[in-house]
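Enquirer: sequence-free structure coming up:
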């Protein structure tokens, strides 16, 4: 019996990190959204409530749906699916840009997030197909 060599590198770990973050953050946003659907006042006074002229119930459904989508994308990223790589790259780009916008408010935290987004972007864009190959397809 011949053993195949995998071409996966250590960057696959960063792709898994991106997937894990999507699952964790998506689950947290989905939980907040589910709670806010039944009790919309928990979102009252938050920044989205002030910046966006939307009813709190709409914001709650947005949290729930986007959070569920992020969690599903994270699981799909573990499997190395191409569409999940694309979504993860878009999410990382958006997160990095938003951290850059708020860099004057939270400079250290924003710098950490921007660096992590850069690593996740590189790992997912360049080495994301290694995850797919690691499953022997």
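Expert: Thanks, I have it. From a predicted model like this one, the values you see are computed outputs, not experimental measurements.
Enquirer: CA only for contacts and neighbour counts going forward, please
Expert: Will do.
Enquirer: And the spatially most central residue of the chain, how far from residue 66?
Expert: Residue closest to the average C-alpha location in the chain (CA atoms, centre = their mean): residue 22, at 3.5 Å. Per CA to CA, to the nearest Å, residue 22 is found 11 Å from residue 66.
Enquirer: Break down this protein into its helices, ranges please.
Expert: Applying DSSP state H to the chain gives helices spanning 12-38, 47-51, 56-78, 82-101, 107-134.
Enquirer: Buried ones in the first one, by neighbour count?
Expert: The reference is to helix 12-38. Of the residues in helix 12-38, 12, 14-20, 22-37 count as buried by neighbour count, 16 or more other CA atoms under 10 Å.
Enquirer: what angle separates that helix from helix 107-134?
Expert: If you take axes from the mean of the first three to the mean of the last three CA atoms, to 10 degrees, helix 12-38 sits at 110 degrees to helix 107-134.
Enquirer: So which elements touch helix 12-38?
Expert: Counting contacts by 3 or more CA pairs under 8 Å, 6 or more residues apart in numbering; DSSP states H and E, helix 12-38 packs against helix 56-78, helix 82-101, helix 107-134.
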